[in-house]
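**Student:** How does the following fold in three dimensions:
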Amino acid sequence: MANTFLDSITKRRSIYHIGKNVSLSEAQISELIQTAVEQSPSSFNSQSSRAVILFGQASADFWEIVRETLRKMVPEAAFEATSNKISSFAAGLGTVLFFEDQDIIKNLQEQFALYADNFPVWSEHSTGIAQFAVWSALANENIGASLQHYNPIIDAEVQSRFGIPDSWKLRAQMPFGSIESPAGDKNYMQREDRFKIIK
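**Tutor:** Residues are numbered from 1 along each chain as shown. As a prediction, this is how the structure comes out:
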């Protein structure tokens with residue numbers, strides 16, 4: 001069965017060896033990311049997902065924030081490996097920071113009290129879908145990416161450095177760039193362990 005959507009999402013892999021050799025312009029990449037987030041569904045059409053797209057020095061500055069934050073937390077003997085990992089993310093063309101706007105969630109909780117406990121959960125669904133959509137859209141243009149989670153230890157400095165509104169909660173970071181080395185083989189669980197088909 002041919003399915004171009006499944007073919008597209010199958011290309012999405014965690015790519016850790018990235019570079020700056022991307023044929024698309026920054027404007028084209030920004031448009032791709034914005035469209036992917038806009039077209040991602042959200043509960044009650046809340047559109048709570050936010051994205052900050054960093055290129056050039058801004059992306060490098062972000063990863064220095066991560067590095068220096070971790071320097072205070074990681075034992076000195078282990079820090080070189082940690083620093084090298086951060087450098088691999090900084091080597092890419094840019095980084096997408098994914099946020100969820102907590103003001104949107106609070107407003108929905110007030111409007112629909114019956115579902116108040118669910119809106120934070122549904123917000124996590126929204127950001128996950130947006131992250132997957134951006135990741136897949138980048139992969140479809142042969143741009144490698146991976147998903148990282150250095151929040152919340154970097155949140156305050158990131159908000160200060162990039163002028164992020166207080167209501168935006170950082171949920172994930174996605175370094176992206178040219179694919180300098182492909183992903184390795186991926187193993188899958190047996191389908192009978194993951195799925196049930198009931199008639």
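**Student:** who does the helix ranked longest in the chain touch, helix- and strand-wise?
**Tutor:** Criterion DSSP state H: the longest helix present in the chain is helix 119-140. Packing partners of helix 119-140 (3 or more CB pairs under 8 Å, 6 or more residues apart in numbering; DSSP states H and E): helix 4-10, helix 26-38, strand 49-55, strand 94-101, helix 102-111, strand 143-145, strand 168-179. C-betas here are computed from N, CA, C, even on glycine.
**Student:** can we see that at 7 Å?
**Tutor:** For helix 119-140, the packing partners by 3 or more CB pairs under 7 Å, 6 or more residues apart in numbering; DSSP states H and E come out as helix 4-10, helix 26-38, strand 49-55, strand 94-101, helix 102-111, strand 168-179.
**Student:** now the angle between helix 102-111 and that helix, please.
**Tutor:** Relative orientation of helix 119-140 and helix 102-111, computed by axes from the mean of the first three to the mean of the last three CA atoms, to 10 degrees: 140 degrees.
**Student:** picking that back up, out of the helices and strands packed on helix 119-140, which one sits most buried?
**Tutor:** Greatest average neighbour count among the helices and strands packed on helix 119-140 goes to strand 94-101 (a mean of 23), per mean count of other CB atoms under 10 Å.
**Student:** Show me what that one pairs with in its sheet, parallel or antiparallel.
**Tutor:** For strand 94-101, the paired strands and their directions (DSSP bridges) read strand 49-55 (antiparallel), strand 168-179 (antiparallel).
**Student:** ok, and what's touching the first one?
**Tutor:** Meaning strand 49-55. Strand 49-55 has contacts (CB atoms under 7 Å, 6 or more residues apart in numbering) with 26, 30, 33, 37, 40, 42, 62, 93-101, 126-127, 130, 162, 164, 168.
**Student:** got the angle for it vs helix 26-38?
**Tutor:** Here the directions of strand 49-55 and helix 26-38 differ by 170 degrees (the same axes, to 10 degrees).
**Student:** starting at the chain centroid, how far to strand 49-55?
**Tutor:** Computed by CA atoms, centre = their mean, to the nearest Å, the chain-centroid distance of strand 49-55 equals 9 Å.
**Student:** After that strand, which helix or strand is next? Please name it.
**Tutor:** Note on strand 49-55: by DSSP states H and E, the next helix or strand toward the C-terminus is helix 56-71.
**Student:** List the buried residues of that following helix.
**Tutor:** Using 16 or more other CB atoms under 10 Å as the test for burial, helix 56-71 gives S59, F62, W63, I65, V66, R67, T69, L70.
**Student:** between the strands paired with strand 94-101, which one is nearest to K106?
**Tutor:** Nearest to K106, of all the strands paired with strand 94-101, is strand 168-179, at 11.4 Å by CB to CB.
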